[in-house]
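Undergrad: Could you look at this predicted model? Sequence included:
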Amino acid sequence: MSPAARGRIRRGSISSVRGQLTFVVLLTTAMALLTMTGALLYRDLTDYRQAQITDLTTEAEIITLLTTPALSFEDRQAAERNLAALSAKPEMLTAALYSDSGELYASYARRNAAPPPARAPVPRAGVQLVTGRLELTRAIQRNGEHLGVLYLSAAYDPWTHVRAYVGVLGLMMLLSLAVALVLSARLRGRITGPVEALAALADDIVTRRDPARRAPAFQLEEFSVVAQAFNSVLDESEGRTRELQDSNRALRKSENLYRAIGESIDYGVWVTDAEGRNIYASDSFLKLLGVTQAQCSDLGWSQALHPDDVEGALAAWRECVRTGGVWYRELRFRGADNRYHPVLAQGVPMREEDGRITGWAGINLDIARMKKTENALRKANRRKDDFLATLAHELRNPLAPIRHAARLLGMKGLDPAQHQMARDIIGRQVARMALLLDDLLEVSRITRGRLELRKEHVSLAALVKAAVETSKPLLEAKQHEFTVRMPEVPVELEVDPLRISQALSNLLTNAAKYTDAGGQISLEVRSLPGETVFEVRDSGIGLPAAALPTIFEMFSQVDSAIDRSEGGLGIGLALVKGLVALHGGNVEAASEGPGKGSLFTMRIPGGRPAEPAATHERRPALQEAATSRGRILVVDDNVDAAATLAMVLRSYGHTVATADCGKAALAIGEQQRPDVVILDIGMPDMNGYEVAQRLRQTGWGSGALLVALTGWGQKEDIERAHRAGFDSHMTKPADPEEIETVLEDFLKSRRAAGIAREAS
Amino acid sequence: MFRTLVVLCMLCGYAAVNSGHTLETYPEDAVKAAFVYRFAAYVKWPEDSLPPDRFTIAVLGAGDVAANLHALTSGRTLLGRPVQVRQVASIHQADDAQILFVGNDRHTNLHALRSALAGRATLVVSDAEDGLNWGSAINLLLVEHRVRFEISVPAAEQAGLKISSDLLTLAVEVRQ
């Protein structure tokens, strides 16, 4: 048993089983003894009285017998003698004999006893009980003759008698109680033992919470039954406890799950009561606001709302509570950092089975990033709109001079100088447009991840030379002072030469463009360990600090620069960044401010001193017109396009025919058997791929050079072109120079093959 | 009122009867008659000597005592038998009697006592100074003016009678 239980169950106290048992045993014993004592006393008293009466009666008989002779023969002395014999009996108080005439004849009286009546009392049957004594009055007769009267009086004191008796009974009672106590103590062992064991067990289970404890078997049947019942209750309790624990565990698990879900939400969850008063908000939200739950409770959260939002939000919330609707609202909360945080609060009403709303529960989402993205998107959209406007403008710009030049060329009586000027105008404007479109396509490819680099080992000098060549017209047009500084030793790079020179020329063009005429522009190329650095410096309009972070983004332009610029789509720098990034390098802009010029630094990883043996010049893009001419068929459903390309090719000395559809191409090809066929892909009757396949099936076509000229420059398009039998693929608008290069190569190799054939 | 009167009258009557009794002078003859009658209670007669129908007390002389006995015994029984008191002229006439009282006036007759009643179970009560000498079993005498008696056990035994010790203790003298 634990000390607490021993404290609770005081041994022998009246409320314990032990005490009750002892009490009951003692009580019943005492009751039985008292009843018995009463009965005994009563019996004894009755017996005593009866005995006394019998005694007295007997005494009277004897005295009658004794005194009858004396009375008969009137011997008073004898009578006195007879009566005096009564002194041997202590209880006899008085005795008297009366003659037949009623006179006192003889008497006896114990000392201190009252004297007998002077005259004979009337004889009565039986014995009379007078206070403290028994009286008897008898007539004495002999042979029918009345001789006289006998009067006897004896002491009757039952209490003296009983007193002694009660003493004995009391002793007996004490003895019996003692025996009862001993017996109850022995009983206790058998009855209270198990009860106390059960009590101790119960106490153990309660205080120690040991569910495995069980009651032992007991000797007494009833206790065994109790113990079994107890055990089965324990079994069941254990089972239920386990179930409860399991369900608690499950509950905790699901609680943890919900808490985890709640914590995974940006600003946690919130709960309100049926009246829409907040009663719970996650710590993350309280932390954001820097308040306690108490401060947040009810409508406390609205204190942290942006002043502009408070009224509307509260009204909407009241309306939501009134209608039992779904809550969905973007709110701005002033955080502990004193900044406003955009939060999307959304929640739904919680309902009882009967549909009654018990409250709302919902979540707080951090929509800062979303807002940022939204803003960025809006900005990007605006930029795109700007770009489209610029693009339209930029595309439109060259059209006017071209149109004018074209009209000029259509006039009769122009002198050769005027002819030349018109041609130059057209050539320049077209080159500009082509450049513009090239850039666009390139950027598009880069942003879509479609651009593939064709890396090769090239000399740094060749790269720079190509770039400078490209930029030269503008540099010269604006009469900038242009200087180039190269590393002292030749350096070789493994890059896509076309892209890097393009990037570099873009930087140079950019510098030329944003520098007022007669400015200073310098290019310094340095070979550092692990990287090659290109620095383009100008004395131009410079850049405001705010523009620096976004200057390499697409469609970005420094607004103020638009007016004075040569125009532009704002994609040049984005293209540079993309191309350089493809090479693993980077590009940066720096400026001390508007009007203070700018510095663009392009870094390309790699670059080592060129080994003389490995060095070879890239073939210059611009070449003199080849002397060997070929027969060419240009096929395009756009007749103008075909005609102009034909014109250009003819100007290079080739024999050129045109066709405006696939069938015509096949027919003309069969007739003229050209060395080279330049095919447009998108044609109405049959597409370029089909035409190519058909051509390859002809005797002459199998050996011809087939060049695809399309608006689509994707990798799949190129592959498809190769599968269809094309030797080469070019993206519109094709650079006549590039076409010429391809033609030249082909014709050269064919010639070489022809020479070889002839030689063999 | 009437009730009270009745009670008073009764009390007066009772007192008158009682006072008449007590005021009587010592009635010697009545006492002697009573004694004779009472002796029967303390004497045992042989069973075969008793007639079934009567208990006879014979009186010789002493007419007053006889008269008293008559009065005393009328309608009474002794030993379950009706008492018969009979005056006799001689002792011989009393040979069937259970008790024979010989009066003082006839004490001379006593000398015939032994011969007359030999072998008879008769209790002889005499009233003479030397009564016992003449062979009576009980002899009455006056002691201080009161009637007493003396007993001769041999005389009684001769008659085949047994006298109770109670009676013996009351006797003035007992001859053995």
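TA: Arrived safely.

Undergrad: Contact partners for residue 56?
TA: Just so you know, I chose chain A. Going by C-beta atoms under 8 Å, 6 or more residues apart in numbering or on different chains, A:L56 touches A:127, A:134, A:136, A:152, A:154. Just so you know, the C-beta spots here come from the backbone N, C-alpha and C atoms, and that holds for glycine as well.

Undergrad: Actually, chain B is the one I wanted.
TA: Each residue near B:T56 by C-beta under 8 Å, 6+ apart is listed here: B:83-86, B:96-99.

Undergrad: between the contacts of A:L56, which is nearest A:L314?
TA: A:L134 (112.8 Å; C-beta to C-beta).

Undergrad: Report how many residues lie close to that closest one.
TA: For A:L134, the neighbour count with other C-beta atoms under 10 Å in any protein chain shown is 22.

Undergrad: how much space between it and A:P158?
TA: From A:L134 across to A:P158, the span is 11 Å (C-beta to C-beta, to the nearest Å).

Undergrad: ok, which stretches of chain B are strands?
TA: Remark: strands assigned in chain B by DSSP state E are B:43-44, B:55-60, B:77-78, B:81-88, B:99-102, B:123-126, B:138-143, B:146-152, B:162-163, B:173-175.

Undergrad: Tabulate these (a markdown table), appending mean pLDDT and distance to A:S254.
TA: What follows is those, written out as a markdown table (pLDDT from 0 to 100; distance: least, C-beta to C-beta, whole Å):
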| stretch | mean pLDDT | distance to A:S254 |
| --- | --- | --- |
| strand B:43-44 | 89 | 126 |
| strand B:55-60 | 89 | 131 |
| strand B:77-78 | 84 | 125 |
| strand B:81-88 | 87 | 128 |
| strand B:99-102 | 89 | 135 |
| strand B:123-126 | 89 | 135 |
| strand B:138-143 | 88 | 135 |
| strand B:146-152 | 89 | 134 |
| strand B:162-163 | 90 | 128 |
| strand B:173-175 | 87 | 133 |
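
Undergrad: could you dump those to CSV with distance to A:S728?
TA: Shown next, in CSV, are the strands of chain B (distance: least, C-beta to C-beta, whole Å):
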stretch, distance to A:S728
strand B:43-44, 191
strand B:55-60, 196
strand B:77-78, 191
strand B:81-88, 193
strand B:99-102, 201
strand B:123-126, 200
strand B:138-143, 201
strand B:146-152, 199
strand B:162-163, 193
strand B:173-175, 198
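
Undergrad: closest to A:D680 out of those strands?
TA: A:D680 sits nearest to strand B:77-78 of all those, at 189.7 Å, using C-beta to C-beta.

Undergrad: Just checking: what are the partner strands of that closest one?
TA: strand B:81-88 (antiparallel) (DSSP bridges).

Undergrad: shaky segments in chain B?
TA: Counting by pLDDT under 70, the ranges of chain B that qualify are B:1-26.

Undergrad: picking that back up, wait, which of the contacts of B:T56 is closest to A:A250?
TA: B:V83 (126.3 Å).

Undergrad: ok, which residues in chain B are in contact with chain A?
TA: With C-beta under 8 Å from any C-beta of the partner chain as the criterion, chain B meets chain A at residues B:18, B:21-22, B:31, B:34-35, B:37-38, B:40-42, B:72, B:76-78, B:146-149, B:164, B:166-167, B:169-170.

Undergrad: and with 10 Å instead?
TA: Within chain B, the positions near chain A by C-beta under 10 Å from any C-beta of the partner chain are B:18-19, B:21-22, B:24, B:31, B:34-35, B:37-42, B:72-73, B:75-79, B:83, B:146-149, B:164-172.

Undergrad: Switch the contacts of B:T56 over to a markdown table; also include neighbour count.
TA: Formatted as a markdown table, the contacts of B:T56 follow (neighbours: other C-beta atoms under 10 Å in any protein chain shown):
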| residue | neighbour count |
| --- | --- |
| B:V83 | 23 |
| B:Q84 | 17 |
| B:V85 | 25 |
| B:R86 | 18 |
| B:D96 | 13 |
| B:A97 | 26 |
| B:Q98 | 26 |
| B:I99 | 26 |
